[in-house]
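**Q** have a look at this prediction, sequence included:
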Amino acid sequence: MTEDEDIGRRRDGLQREYRVAFDRMSSILFAEDPVGINFEVNADEYEPEVRTILPRLRDCRSVDDVRRVVHEEFVKWFDDSTAGPAEKYQSIAERIWEEVVPGLTGR
C-alpha cells in the first residue's frame with residue numbers, strides 16, 4: 001500500500017467513525033471561515049483541517065484546549081500570519097466544545 005493509499009484509508013475510516021462530528025465541525029469551520037476561504041461553493045474546503053483536528057479533540061478538557069488545538073492546526077496548515085492569533089478562534093472553539101466534543105467523549 002502506498003502512503004497516499006494509507007492516508008486515504010485512514011481519512012475514510014475517520015469520516016465513517018465520526019461522520020456526524022466530522023460533518024458538524026466542517027460546517028462550523030465553513031460558517032466561521034477563520035482564514036477567508038469560504039466562497040459559498042466550496043463547502044468541503046475545511047475538511048483537511050477537520051481530519052487533523054478531530055482526533056485531537058478527545059484529549060481536550062475545556063474550550064481553551066479546543067481553541068489551542070484548532071489554532072495549532074490552522075498554523076500548521078497555513079502559517080502564523082494567515083491563521084492569526086489564537087483569540088480569533090474563540091467562537092469556533094466554543095461551538096466545537098458544545099456541538100462536536102460531546103459526541104466524541106460522551107461528556
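**A** Now that the structure is in, tell me what you want to look at. Computed from a prediction, not measured in an experiment: that's the story for all the values here.
**Q** residue contacts, the residue nearest to the spatial centre of the chain?
**A** Per CA atoms, centre = their mean, the C-alpha nearest to the average position across the chain is that of residue 50, at 3.1 Å. Counting by CB atoms under 8 Å, 6 or more residues apart in numbering, residue 50 makes contact with 22, 25-26, 29. Where C-beta positions appear, they are placed from N, C-alpha and C, glycine not excepted.
**Q** dump the C-alpha coordinates for the helix or strand where it lies into CSV.
**A** Under the criterion of DSSP states H and E, residue 50 resides in helix 47-53. What follows is helix 47-53, C-alpha atoms only, in CSV (Å, rounded to 0.1, in the frame of the first residue of the first chain):
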residue,chain,number,x,y,z
GLU,A,47,-12.2,19.1,5.5
PRO,A,48,-8.4,18.6,5.6
GLU,A,49,-8.2,20.6,8.8
VAL,A,50,-11.1,18.7,10.3
ARG,A,51,-9.3,15.5,9.6
THR,A,52,-6.3,16.7,11.8
ILE,A,53,-8.3,18.4,14.5
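**Q** give me the buried positions along the helix or strand following it.
**A** The helix or strand immediately downstream of helix 47-53 is helix 63-77, counting by DSSP H and E. Across helix 63-77, burial judged by 16 or more other CB atoms under 10 Å covers 63, 65-74.
**Q** what's helix 63-77 packed up against?
**A** Applying 3 or more CB pairs under 8 Å, 6 or more residues apart in numbering; DSSP states H and E, one finds that helix 63-77 makes contact with helix 47-53, helix 80-83, helix 90-99.
**Q** distance check, residue 33 against residue 92.
**A** Using CB to CB, to the nearest Å, residue 33 is found at 10 Å from residue 92.
**Q** show me which of these two is the more surrounded one.
**A** Between residue 33 and residue 92, counted using other CB atoms under 10 Å, residue 92 has the larger neighbour count: 22 against 13.
**Q** how far away is that one from residue 67?
**A** For residue 92, the distance to residue 67 - CB to CB - is 8 Å.
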